[in-house]
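In: my questions concern the predicted model and sequence given below.
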Amino acid sequence: MPNTETVRRQRAIGGALGVAVLAFALFYHFFPQLLHVSPTQNTPRSPMRGQPTTMGFDQRPQAAPVSMASEIDAGPPIVLAPASVIAARRREKTTEIALPAQKTPDSPELTALLDRGDKALAADHLVGGKDSAAMLFTSALKEKSDSQRALAGMDEVRARLAAEIEQDIALGDADAARDALAALKALPSGAAEAAPLAQKLAILDKVRPLLTTAATQLQDGKANQPRGDSALDTYRQVLQLDAENAVAEQGITQVQRVVLDKALAAVAQNDFAAADAALAEAATIQPESQALQDTRGRVEGMRRQSATAMLAQARSALDAGNLELARQLATKAQQVSADLAGIDDFNERLTNARLYATYKPGQVFADRFVDSTGQAPPMVVVPTGSYQMGSGDGERGHDANESPQHEVQVDKGFAMGRSSVTIGQFREFVRSSGYVPQSQSLQGGSIYDEQSGGLRDDSSATWQDDYAGKRGQDRLPVVNVSWNDAKAYADWLSQRTGKKYRLGSEAEFEYALRAGTTTRYWWGNDAPSGHIENLTGAGDRSASGRRWSNAFAGYKDGYWGPAPVMSFTPNAFGLYDMGGNVSEWVADCWHDNYIRAPRSAEAWVNPGCGRRVVRGGSWGSAPEMVRSAYRQGAAADLRSARVGFRIVREL
């Protein structure tokens, strides 16, 4: 009898084992998938066809279990599966023939013989020798012709032989298929199953030399070319003879792979046209293949990567000012990937750079001086375009010097001063440069005379005064400056900023004044309805109560004389005071009409000309003189209380 210590140890071990078993049971119940067990799947194993059964001597062999169907459907092609699996698939597709009823049970000796047959089947020893499944089941049937186990076993032998033959034919092994076919014909009832297989074997005999030829063509680099003498053509010829030939199908897949490799090789060399051609060719071979879809994805990814890199190089070239190289790189990038992200923005930048340097139409900027503090007047980028310069004979107020009306192309963007140059801006120029304006060097200009209501010469009037000869405020437009003074100011700005400043051409001025309009004035055909410009308004009064004899009816702007710049509404291009406040000098020489005038926006200049063009209305201009087409000529040294200027900056 065990002692107390032994009993205690046994109880401890037993308790521990019990806890372990309970834990395993709970783990199995709640987490069966971790043990690779499905809690809902409990399919009993059915005996293979021809295997002994324990449910009675007349029990029919059961069909292949459900788990076998999933095994058949998974993995490599069916022709590469074992013959037993192929045979099971064939049985699924055929109607099972009922076996004759067995009258008496199998004897023990017969049962032993059938057991040996089942073992031969399990070992896949179908034919050849007395211990083969075919011989053993044949012996059993001779002994008892109605033995269902023997009949089922023989049926399984024939099915597996037929499966092996199909497999050999599919793999192109005609010799093995022929040997197995002879064995099948020798079996009871084997001739019926052998007939269709013999036809397939005959087809194989026809396609074997073709498959050999195709393999040689593939090895010689004739995958899909030349037409009519390629592996692809030969494999397709095989499929016409044998639509399910696995070797030919695999060969066509290999041909497509060769073509897809060409596409990838072309992409590696940035030859996307050749890659597209190879992909198109591959699509004619197997249009739905996964390899084709995968390669398309890889090519597209490499295409976008290459195009993105080219676009980055184009941006660098654009930033460096090399517009032609930037255009070439961007064009190539877009050819590589038509819907490349960012290409539209880049093309807009390139267009702006070509037309407006680094600016955009409507953009306001001011250049800083390169040699000291300070900056140039604010400029507005004027968009490119075209317009009809001058006026037609039917326009009210038309003058012959505005003819012939003609189209002008503004092909190059430029920037124009937002307003006329002010007294304060001109003073900075005079103080910095030491320049002596002609109102001082030639002694005087003109001022408004309240008594007469017109302008009169005054030898003491200078650019520092307002229209009446009094000290002018810095924000007023500078007047009593000559064309020569205006040009000197523009030249000084060019020197101080390192940019090209100049007076605008007459064509540029009218284009900017109209700002896309075709009416008499930039705001319409009649008197303005709002606070538009500093004009001769019928409601305006001078300090002594004078009124204009020829004015815009119903209009009042509140000024008699120039107003501080930018006091009114800008036009569509963002420019202020283009049609009023003060008239302005432009670069052109005066011509009596537009005959032989340039069709571009360049200035029309004759060497040594003494008269220049003045454009735009002023605070004292009659309505006909405010029209967008109105023009007048004046001596280059003229100083007037109604005339100032604004500048243009080339981009």
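Out: All right, it came through fine. This one's a predicted model, so the numbers in the text were calculated from it and none came from an experiment. Numbering: from 1, shown residues only.

In: could you chop the protein up by domain?
Out: For the chain, automatic domain parsing gives the domain ranges 4-35, 66-188, 303-356, 379-650.

In: so of those domains, which one's packed in deepest?
Out: Of these, the one with the most neighbours on average (mean count of other Cβ atoms under 10 Å) is domain 379-650, at a mean of 19. In short, each C-beta sits where N, CA and C put it, glycine included.

In: tell me the mean pLDDT over that domain?
Out: For domain 379-650, the mean pLDDT works out to 97.

In: same thing with stretch 133-142?
Out: For stretch 133-142, the mean confidence score works out to 92.

In: where in the stretch 101-250 of the chain is pLDDT low?
Out: Applying pLDDT under 70 to the stretch 101-250 of the chain flags no residue at all.

In: which helices and strands sit right next to the longest strand anywhere in the chain?
Out: The strand spanning the most residues in the chain, taking DSSP state E as the definition, is strand 583-589. Helices and strands touching strand 583-589, by 3 or more Cβ pairs under 8 Å, 6 or more residues apart in numbering; DSSP states H and E, are helix 483-497, strand 501-503, helix 506-514, strand 611-615, strand 643-645.

In: now the angle between helix 483-497 and it, please.
Out: Angular relation of strand 583-589 and helix 483-497 on a 0 to 180 degree scale: 90 degrees, by axes from the mean of the first three to the mean of the last three Cα atoms, to 10 degrees.

In: okay, now the sheet partners of strand 583-589, with direction.
Out: Note on strand 583-589: by DSSP bridges, its sheet partners are strand 611-615 (antiparallel), strand 643-645 (parallel).

In: quick one: contacts of the first one?
Out: The set of residues external to strand 611-615 that reach it, using Cβ atoms under 8 Å, 6 or more residues apart in numbering, is 483, 506, 509-510, 513, 583-590, 630-636, 643.

In: how about the shortest one?
Out: With Cβ under 8 Å, 6+ apart as the test, strand 643-645 has contacts from 420-421, 477-479, 481, 483, 486, 489, 503, 562, 582-585, 614, 618, 634.

In: thinking again about what came up before, tell me which of the helices and strands packed on strand 583-589 lies nearest to Glu193.
Out: Of all the helices and strands packed on strand 583-589, it is helix 506-514 that lies closest to Glu193, at 94.4 Å by Cβ to Cβ.

In: for the stretch 401-550 of the chain, which segments count as helices?
Out: Counting by DSSP state H, counting those that start in this stretch, the stretch 401-550 of the chain has these helices, from start to end: 423-433, 438-441, 483-497, 506-514.

In: between those helices, which one is closest to Ala283.
Out: Using Cβ to Cβ as the criterion, the shortest distance between Ala283 and those is 54.1 Å, found for helix 506-514.

In: can you list contacts of the closest one?
Out: 382, 385, 387, 389, 408, 410, 414, 416, 504, 522, 571, 573, 575, 578-579, 584, 586-588, 598, 600-604, 613, 615-616, 628-629, 631, 648.

In: dump the domains of the chain into a markdown table; add distance to Val267 as well.
Out: As requested, the domains of the chain are arranged in a markdown table below (distance: least, Cβ to Cβ, whole Å):
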| stretch | distance to Val267 |
| --- | --- |
| domain 4-35 | 44 |
| domain 66-188 | 31 |
| domain 303-356 | 7 |
| domain 379-650 | 40 |
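
In: contacting residues for the closest residue to Pro477 other than its chain neighbours?
Out: In space, not counting the residues next to it along the chain, Pro477 is nearest to Ser420; the distance is 3.9 Å by Cβ to Cβ, 6 or more residues apart in numbering. Under the criterion of Cβ under 8 Å, 6+ apart, the contact list for Ser420 reads Pro477, Val478, Val565, Asp577, Asn581, Val582, Glu584, Gly644, Phe645, Arg646.

In: what helix or strand does the third one sit in?
Out: Assigned by DSSP states H and E, Val565 belongs to no helix or strand.
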